[in-house]
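Undergrad: Pasting a predicted model and its sequence here:
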Amino acid sequence: MLMVCSLGVGLVTPANAAGTTQVSGSGTYATTGSECDTPPAGFADYPGLILTGDLEGCLYTDVVTSKDLGAPSGIYIETGRELVVASLNGGPVGTFTTTYKFESKWAPDVSTGVEVKGRCQHPITVGSGTGGFTGATGRLNFKDEVTTGTYFYRGHIALG
């Protein structure tokens, strides 16, 4: 099963005077020996995702629910929570958690491992930020690039 989705490249611009920052970048699954290869307890349902771009660090996943509608629709839906350990634009490292909803289409179903398309939404859990993400609010959206296994993200984060 695949969980992550992405969208975007890497420019950062203020979204408004209140300090919201637009973010974008990409993620790829960690391999043995990489900085994200050991998920923390409670967030080990997928390998760590290495984030690059405006967020530099790791994303770890805890699947809470999943629903496979099977063939012929190929629809698979998943919800859960994630832990992000990263820095924003080279700032101090911190953490925040998200809740997420992943929606995808598979050919013919999720058990085949052939994803046709996928996307997910990740609102930041209010009050979850630490370090460089203390007081963080916002949202990340991911879109899966199924041919390369890259997950592009974009969204917005406000600190404080």
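TA: On my side now, so go ahead.
Undergrad: Excluding chain neighbours, what is closest to residue 42?
TA: Counting by CB to CB, 6 or more residues apart in numbering, residue 42 lies nearest to residue 62, which is 5.6 Å off, once chain neighbours are set aside. Heads up, the C-betas are built off the backbone N, CA and C, glycines and all.
Undergrad: for residue 51, what are its contacts?
TA: 25, 26, 27, 57, 58, 59, 84, 86, 153 (CB atoms under 8 Å, 6 or more residues apart in numbering).
Undergrad: and the fourth one, what are its bridge partners?
TA: Pointing back at residue 57 there. Bridge pairing for residue 57 (DSSP bridges) gives the partners residue 51, residue 86.
Undergrad: Would you confirm that it contacts residue 92?
TA: No - here residue 57 does not reach residue 92: they are 11.4 Å apart, not a contact under CB atoms under 8 Å.
Undergrad: Now for the closest residue to residue 75 other than its chain neighbours, how many residues are close by?
TA: Nearest residue to residue 75, sequence neighbours excluded (CB to CB, 6+ apart): residue 69, at 4.2 Å. Using other CB atoms under 10 Å, residue 69 has 14 other residues around it.
Undergrad: Restricting to C-alpha, output the helix or strand hosting residue 63 in PDB.
TA: Assessed by DSSP states H and E, residue 63 sits inside strand 55-70. Coordinates of the C-alpha atoms in strand 55-70 are reproduced here as PDB (Å, rounded to 0.1, in the frame of the first residue of the first chain):
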ATOM      1  CA  LEU A  55      10.600  21.600   4.400                       C
ATOM      2  CA  GLU A  56      13.800  19.600   5.000                       C
ATOM      3  CA  GLY A  57      13.500  16.500   7.100                       C
ATOM      4  CA  CYS A  58      11.300  13.400   7.600                       C
ATOM      5  CA  LEU A  59       7.600  12.500   7.600                       C
ATOM      6  CA  TYR A  60       6.400   9.400   9.500                       C
ATOM      7  CA  THR A  61       3.000   7.800   9.200                       C
ATOM      8  CA  ASP A  62       0.400   6.100  11.500                       C
ATOM      9  CA  VAL A  63      -2.500   4.600   9.600                       C
ATOM     10  CA  VAL A  64      -5.800   4.800  11.500                       C
ATOM     11  CA  THR A  65      -8.300   3.600   8.900                       C
ATOM     12  CA  SER A  66      -8.200   2.100   5.400                       C
ATOM     13  CA  LYS A  67     -10.900   1.200   3.000                       C
ATOM     14  CA  ASP A  68     -10.300  -0.700  -0.200                       C
ATOM     15  CA  LEU A  69     -13.400  -0.600  -2.600                       C
ATOM     16  CA  GLY A  70     -11.700  -3.200  -4.800                       C
END
